[in-house]
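**Student:** need coordinates for the below:
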Amino acid sequence: MNSHAYRTEGFCTSRAIVGALLRTFLIVTVASLSIAQTLTPVSEDNAGYSRPDHQRSGYISGTILDQTGAVSIGAEVRLLRDQSVETEVRSGNNGQFLFARVAPGPFRLSVSSSGFTPQEVSGTLRSGEAFLVPPIVLTVAAAITEVHVKEKPLTQVELAGLQIKQQEKQRVLGFIPNFYVSYDPDAAPLTPKQKFGLASKTLSDPFTFVGVAALAGVEQATNAFPGYGQGASGYAKRFGASYTDAFTSTLIGGAILPSLFNQDPRYFYKGGGKIGSRILHALANPVVCRGDNKAWQPNYSNILGGLAAGGISYLYYPPSERHGASLVFQNAGIRIGETALVGVLQEFIVRKLTPHLPVRPSPE
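**Tutor:** Numbers count the residues shown, from 1 in each chain. Predicted coordinates:
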């Protein structure tokens, strides 16, 4: 079979990035599997926990400011229940913070930053709702301010934006991007603008260029696509073709078609249930996805995106590598198989190798 038949048509999503790296970073993947055996696994209570409808978890978010009105970066925000710290985060570059998957009920927030007086905020989180805390202003005054606020739900767009910021911090082993995976089964649907933003974040990530460079190097060493030749010119052509594959498949399959079909391009981690059901969930991912209405449906975006990217590749691959439409369908089939394999890795291994993920609350 021509070597072109074994190329993954780009990095349609972050799942496809990991899929392409299965071949070019085999050593890293094998090392990751070995490391996974030494790590403490996530308990089923945390990973597979499903809360009854009347006790669904929610979100708490807000913004930290100083007394001049500027955002406060790096402030420590602690979520307290019954005088004990349940979890803590730091405010980001925009001064915002987010607690995800919080059990409903009364809570207190303790905010502190060097040089400022600690502040406390209290409220009550209802089942399945988002709690938007009014801006918390840190001052140099000696008195501690306790603020009681009323619940103000976030809009779907605002909530999705906060969740995307969390996803963009997800990196396997701390450096491989894993942006297209949601560990929250109730994640808010993305707007078209957010889908294009996620695709842009993936394509501009430095590790994407590292992966493309490595793939081009492997092709150069094995003389794949001999029509490109050797030397610096041959490597440059292979690098350009590989990145164009990534660009077209990510943009088409991860942004354009999901926006047109109102589908979510992310992989939704199942985590709980029997092993067989989790494997089926992962294997079905290439052909079944969640719509923006949160209903499961045929994954037109992934299937058509692979075919479209394969067709476009005929414009820049050497003439000797173009062997008719059958090769496009063959490449699409290979890509579906790789995406399914990556889904299995996501379900059982990748989460354990991704640091700094929010911890799911224990059942009450």
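**Student:** ranges for the helices of the stretch 151-300 of the chain?
**Tutor:** 156-167, 192-204, 206-222, 231-251, 257-261, 275-284, 300-313 (DSSP state H, counting those that start in this stretch).
**Student:** now do the buried residues in the fifth one.
**Tutor:** With burial defined by 16 or more other Cβ atoms under 10 Å, the residues of helix 257-261 counted as buried are 257-259, 261. Every residue, glycine included, has its C-beta placed from N, CA and C.
**Student:** low pLDDT regions in the stretch 1-150 of the chain?
**Tutor:** 1-54, 140-150 (pLDDT under 70).
**Student:** at 80 what do you get?
**Tutor:** Counting by pLDDT under 80, the stretch 1-150 of the chain has low-confidence residues at 1-55, 67-68, 82-85, 140-150.
**Student:** which of the helices of the stretch 151-300 of the chain is buried the deepest?
**Tutor:** helix 300-313 (a mean of 22; mean count of other Cβ atoms under 10 Å).
**Student:** quick one, the longest helix belonging to the chain and helix 300-313 angle?
**Tutor:** When the chain is parsed with DSSP state H, its longest helix is helix 325-348. Relative orientation of helix 325-348 versus helix 300-313 (axes from the mean of the first three to the mean of the last three Cα atoms, to 10 degrees): 140 degrees.
**Student:** helix 325-348 packs against which elements?
**Tutor:** helix 14-24, helix 275-284, helix 300-313 (3 or more Cβ pairs under 8 Å, 6 or more residues apart in numbering; DSSP states H and E).
**Student:** can you read off the pLDDT for the spatially closest residue to residue 305 that is not a sequence neighbour?
**Tutor:** Leaving aside its chain neighbours, residue 305 sits nearest to residue 253 (2.4 Å; criterion: Cβ to Cβ, 6 or more residues apart in numbering). Residue 253 is assigned 89 on the pLDDT scale.
**Student:** where does the prediction get shaky in the stretch 251-364 of the chain?
**Tutor:** Those would be 310, 313-315, 319-335, 356-364, if you go by pLDDT under 80 across the stretch 251-364 of the chain.
**Student:** now with 90, please.
**Tutor:** Counting by pLDDT under 90, the low-confidence segments of the stretch 251-364 of the chain come to 253, 271-273, 286, 302-303, 305-340, 342-343, 351-352, 354-364.
**Student:** pLDDT at the closest residue to residue 357 other than its chain neighbours, what is it?
**Tutor:** Distances taken as Cβ to Cβ, 6+ apart place residue 183 nearest to residue 357, at 6.2 Å, with adjacent residues excluded. What the model reports for residue 183 is a pLDDT of 89.
**Student:** my read: residue 183 touches residue 270, true?
**Tutor:** No - the criterion here is Cβ atoms under 8 Å, and residue 183 misses it with residue 270 at 10.0 Å.
**Student:** who has more neighbours out of the two?
**Tutor:** When residue 183 and residue 270 are compared for neighbours, residue 183 comes out ahead with 23 against 20, by other Cβ atoms under 10 Å.
**Student:** ramachandran angles for that one?
**Tutor:** phi -90, psi 10 (degrees, to the nearest 10).
**Student:** what sits against it?
**Tutor:** 269, 271, 351, 357-358 (Cβ atoms under 8 Å, 6 or more residues apart in numbering).
**Student:** how near is it to residue 267?
**Tutor:** With distances taken as Cβ to Cβ, to the nearest Å, residue 183 is found 10 Å from residue 267.
**Student:** what do you get for residue 73?
**Tutor:** Taken as Cβ to Cβ, the span from residue 73 to residue 267 is 31 Å.
**Student:** the two: which is more packed in?
**Tutor:** residue 267 (26 against 14).
**Student:** run through the bridge partners of that one.
**Tutor:** Counting by DSSP bridges, residue 267 forms beta bridges with residue 181.
**Student:** isn't it up against residue 180?
**Tutor:** Yes - counting by Cβ under 8 Å, residue 180 is a contact partner of residue 267 at 6.2 Å.
**Student:** domain assignment for this structure?
**Tutor:** Annotated domains of the chain cover 3-43+158-353, 57-154 [automatic domain parsing].
**Student:** highest average neighbour count across those domains?
**Tutor:** Note that of these, domain 3-43+158-353 is the most buried (mean count of other Cβ under 10 Å), with a mean of 19.
**Student:** how far away from the center of its chain is that domain?
**Tutor:** 11 Å (Cα atoms, centre = their mean, to the nearest Å).
**Student:** quick check on residue 76: phi, psi?
**Tutor:** phi -80, psi 130.
**Student:** ok, now which ones touch residue 105?
**Tutor:** Counting by Cβ under 8 Å, 6+ apart, the residues that residue 105 touches are 81, 124-125.
**Student:** now with 7 Å?
**Tutor:** The contact partners of residue 105, by Cβ atoms under 7 Å, 6 or more residues apart in numbering, come to 124-125.
**Student:** what residues are bridge-paired with it?
**Tutor:** Once the bridges are assigned, which here means DSSP bridges, residue 105 pairs with residue 125.
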